[in-house]
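>>> Structure for the following, please:
(2 chains)
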Amino acid sequence: MTIRTRLVVSTFLLQVFSMGLLGWGVLAVRQKYQVQEIRAVAELIEKTVERAAADSLIQKDDVALLSYMKFLQAQYPAIAQARILWKNGGRERAATVGGGLFGPQTRAKRFTVSDAADPARSIDVDLSLDYAVLEAPFWDANKRLAKIILSVWGATSLLGLVISFLIAGGLTRPIIELSRLAGEIGGGKLGAKLAWDSDDELGGLVRAFNGMSARLEEFDTVKRNFVSSVTHELRSPLGAIESFLQLIRDKIAGGTPEGYAQSKDFLERIAVNVHRLSGFINDLLDVAKIEKGKMECVLRPMELPLVANEVCQFFEAKAMQQGVAITNRMAVLPAVLGDADRVRQVLVNLIANGLKFTAHGGQVWVTGEQFRDGGARWIEVTVGDTGRGMDETDRASLFQPFTQGRNINEGVAGHKGTGLGLYIVKSIVDQHGGKIEVKSAPGQGTRISFSLKVAA
Amino acid sequence: MAIRVLVIDDEEDYRIIIQEILRGAGMEVRLAKDGEEGLRMVKEAPTDVVLVDWMMPRMDGEQFCRAMRAEPSLKDMPVLMLTVKQTADEELEALHFGVDDFVVKPFKTVELLARVRAALRRTEKKAA
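Numbering: from 1, shown residues only, chains lettered A, B, ... in the order given. Got it, this is the predicted structure:
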């Protein structure tokens, strides 16, 4: 049975039951008061008869009593029978009004009135009131009331049925839609969304579901980017190496002096590609370590300016070839706590990025400044460039793995990069307890700063 | 007359490799670093076949093909796409924007030459 059917059936049953109970209660209460009202009517008739008997006794007018009784019986059809017995000393006279009976369907009452001045004179009256006639008008009203109650009962039950059907439908529709969507997502249609907005729990569920779906799509995109960049980053240098090897083989077979000279150049190119491949594989291994939480840095006192010098020298040839000036502007600084290999990796990554996006005639530099944060002394290392910079959107996703600026390859020839470098950089800085931040705007160059603690 | 080939690739290594292979087979080779430069060069001088990389900065292989096919004089020039992409969907998509054949990196010397010659043969047949 569907949720909708269950909801509808249970609300309907509840409705029928509660309305029935209410109607029954109304009728029961009414009947209880009715009994008292019937008694009051009966007592009124009895009082009237008794007073009439007393009056006739005082006025000594027996005939008047008899005719008054007849009038009363016409007035009150409930009077089934009245037997009147006049007593005067030893003399007795009886009369009967009405042809009704005394019996279980009647209310019998006997009363005696006597003359205070002449105790020998008295009148006995036996009065029988027919319950059926007494109750008749009340029964009619009850029937009408019961009819009203029944029709209200029926109408509200029907209305309840319709309303609960609609409400249950409204409640279950997003659930049905969600389960359909979940099936679609399970089938691989990631990012599917449900257009449903309400302030209640269902709205919350739908929002959470849509968020989950979007996250899944994001993961999928990241995975695709990853596979595609890994494919490119592996295939491209491997293919180049393979082709160069074949070319070298042909040149050697040719045996010309130019062929040998070219082969030397090709060997250099193979070396660069092998270097690129091993760099990429090292990055992948680092990312695997980070994802497993196994990226560990051994912090020892180290000399920052020395490491910065080393890295700048490493890039000097490449910078010169590109027409970019590279300078280490670090003055003498106190030793910091760091893993020298990892700090070097950070600087290599940042300077390589700076060079990559800085055109001929530009500059790349490294600085180090001391600052205090509370009691601790820190050194802020900044790698700056006069390159093309980046906008807000690219800045926001800078340290995410496998993402690259949207126009990252615009005007940048050769290696496209994998989007892993800055993710690794941030993880290393995090491991050192430092902070990393970016200042950049399109056309304004880029400054990336990270902090390292001064060794005590 | 030597076959005139235009090679468009942003990676210097591949430009050198392809140039070396094609020259070895006696073809005339010109090189371009991206789609924009390639488009200029294909308009500048007569060309028999174009080899273009898919993923490039500024103007990629797809944009290059669309721009080239829009020129009436270049409409029928054979274009070979250099790619590391391999899914059937992507190849199908590429056929739609006017690519005649694919050369998947890494490629063998003989394969590259065979594909270039096959593309030329098809155009000659069409012309005849």
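>>> From here on, just use CA atoms for contacts and neighbour counts.
OK.
>>> Enumerate the residues of the stretch 251-400 of chain A near chain B.
The stretch 251-400 of chain A has residues residue A:269 near chain B, with proximity defined as CA under 8 Å from any CA of the partner chain.
>>> ok, now which ones touch residue 7?
I'll assume chain A. A:164, A:165, A:168 (CA atoms under 8 Å, 6 or more residues apart in numbering or on different chains).
>>> sorry, should have said chain B
B:15, B:18, B:19, B:29, B:30, B:31, B:32, B:38, B:50, B:51, B:52.
>>> State the number of residues packed around the residue in chain B positioned nearest to chain A.
In chain B, the residue that lies nearest chain A is residue B:106 (3.9 Å; CA to the nearest CA). Neighbour count for residue B:106, taken as other CA atoms under 10 Å in any protein chain shown: 19.
>>> mind listing what it touches?
With CA under 8 Å, 6+ apart, residue B:106 has these contacts: A:235, A:236, A:238, A:239, A:240, A:242, A:243, B:84.
>>> Which ones among the residues you listed lie within strands?
Among the contacts of residue B:106, no member falls in strands (DSSP state E).
>>> Return a PyMOL selection command for the buried portion of the residues you listed.
Buried subset of the contacts of residue B:106, written as a PyMOL selection, criterion 16 or more other CA atoms under 10 Å in any protein chain shown:
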select buried, (chain A and resi 235+236+238+239+240+243) or (chain B and resi 84)
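>>> Name the nearest of the contacts of residue B:106 relative to residue A:317.
residue A:240 (23.0 Å; CA to CA).
>>> sorry, back to before: secondary structure for the contacts of residue B:7 - can I get that in a markdown table?
A markdown table is the format used below for these (DSSP: H, G, I helix; E, B strand; the rest coil):
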| residue | secondary structure |
| --- | --- |
| B:15 | helix |
| B:18 | helix |
| B:19 | helix |
| B:29 | strand |
| B:30 | strand |
| B:31 | strand |
| B:32 | strand |
| B:38 | helix |
| B:50 | strand |
| B:51 | strand |
| B:52 | strand |
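>>> filter the residues you listed to the buried ones?
Buried members of the contacts of residue B:7, counted by 16+ other CA under 10 Å: B:15, B:18, B:19, B:29, B:30, B:31, B:32, B:38, B:50, B:51, B:52.
>>> measure the first one to residue B:32 for me?
Going back to what we said before, that points to residue B:15. Distance of residue B:15 to residue B:32, computed by CA to CA, to the nearest Å: 8 Å.
>>> who touches both of these two?
B:7, B:8, B:9.
>>> in the chain, which spans are helices?
In the absence of a named chain, this looks at chain A. Under the criterion DSSP state H, chain A carries helices at the ranges A:3-59, A:62-75, A:131-186, A:201-254, A:257-292, A:304-322, A:340-356, A:392-396, A:421-431.
>>> that's the wrong chain, I meant chain B
So, for chain B - with DSSP H - the helices run B:12-24, B:35-44, B:61-69, B:88-96, B:109-127.
>>> Could you identify which of those is most buried?
helix B:61-69 (a mean of 20; mean count of other CA atoms under 10 Å in any protein chain shown).
>>> Can you read off the pLDDT for the residue in the stretch 1-150 of chain A that chain B sits nearest to?
Nearest residue of the stretch 1-150 of chain A to chain B: residue A:2, at 42.0 Å (CA to the nearest CA). In this model, residue A:2 is scored at 82, pLDDT.
>>> what sits against it?
Here residue A:2 is in contact with no residue (CA under 8 Å, 6+ apart).
>>> what does residue A:450 give?
So residue A:450 contacts A:380, A:381, A:382, A:429, A:434, A:435, A:436, A:437 (CA under 8 Å, 6+ apart).
>>> For ChimeraX, write the select line for the buried members of these.
In ChimeraX, selecting the buried portion of these, with burial taken from 16+ other CA under 10 Å, looks like this:
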select /A:380,381,382,429,434,436
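>>> Can you name the residues in contact with stretch A:195-211?
Here stretch A:195-211 has contacts from A:171, A:174, A:178, A:191, A:192, A:193, A:194, using CA under 8 Å, 6+ apart.
>>> Just checking the distance from it to the centre of its chain.
5 Å (CA atoms, centre = their mean, to the nearest Å).
>>> For chain A, which residue gets nearest to chain B?
Residue nearest to chain B within chain A (CA to the nearest CA): residue A:239, separated by 3.9 Å.
>>> quick one: least confident helix or strand in chain B?
Sorting the helices and strands of chain B by mean pLDDT, DSSP states H and E puts helix B:88-96 at the bottom, at a mean of 77.
>>> Distance to residue A:367 added to the helices of chain A, as TSV?
Formatted as TSV, the helices of chain A follow (distance: least, CA to CA, whole Å):
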stretch	distance to residue A:367
helix A:3-59	67
helix A:62-75	121
helix A:131-186	50
helix A:201-254	32
helix A:257-292	25
helix A:304-322	9
helix A:340-356	11
helix A:392-396	21
helix A:421-431	17
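>>> Can you name the residues of chain B that neighbour chain A?
B:10-14, B:17, B:20-21, B:33, B:56-58, B:84, B:105-109.
>>> near chain B, which of the contacts of residue A:7 show up?
Answer for these near chain B: none qualify (CA under 8 Å from any CA).
>>> Report the buried members of those.
Counted by 16+ other CA under 10 Å, the contacts of residue A:7 give A:164, A:165, A:168 as buried.
>>> I'd like to know how far the last one sits from residue B:9.
Read it as residue A:168. 62 Å.
>>> Next, residue A:192: phi, psi?
phi -60, psi 140 (degrees, to the nearest 10).
>>> since we're on it, how many residues are nearby?
Residue A:192 has 17 nearby residues by other CA under 10 Å.
>>> Contact partners for residue A:243?
B:17, B:106, B:107, B:108, B:109.
>>> How about residue 108: what's its closest non-neighbour residue?
The chain I'm using is chain A. In space, and not counting its chain neighbours, residue A:108 is closest to residue A:128: 4.4 Å by CA to CA, 6 or more residues apart in numbering or on different chains.
>>> meant chain B, my bad for not saying
Closest to residue B:108 by CA to CA, 6+ apart is residue A:243, at 7.1 Å.
>>> out of the helices of chain A, nearest to residue A:454?
So among the helices of chain A, helix A:304-322 is nearest, using CA to CA, at 10.3 Å.
>>> returning to that earlier point: pipe the contacts of residue A:7 into CSV and attach distance to residue A:55 and pLDDT per row.
What follows is the contacts of residue A:7, written out as CSV (distance: CA to CA, whole Å; pLDDT from 0 to 100):
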residue, distance to residue A:55, pLDDT
A:164, 68, 88
A:165, 71, 88
A:168, 74, 86
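>>> Quick one: residues contacting the most centrally placed residue in chain B.
Closest to where the C-alpha atoms of chain B average out (CA atoms, centre = their mean) is residue B:51, at 1.6 Å. Applying CA under 8 Å, 6+ apart, one finds that residue B:51 lies in contact with B:5, B:6, B:7, B:8, B:79, B:80, B:81, B:82.
>>> is it true that the second one touches residue B:35?
No. With contact defined as CA atoms under 8 Å, residue B:6 and residue B:35 do not form a contacting pair (11.2 Å).
>>> quick revisit: and the least confident helix or strand of chain B, what does it pack against?
Helix B:88-96 sits against no helix or strand, with contacts defined as 3 or more CA pairs under 8 Å, 6 or more residues apart in numbering or on different chains; DSSP states H and E.
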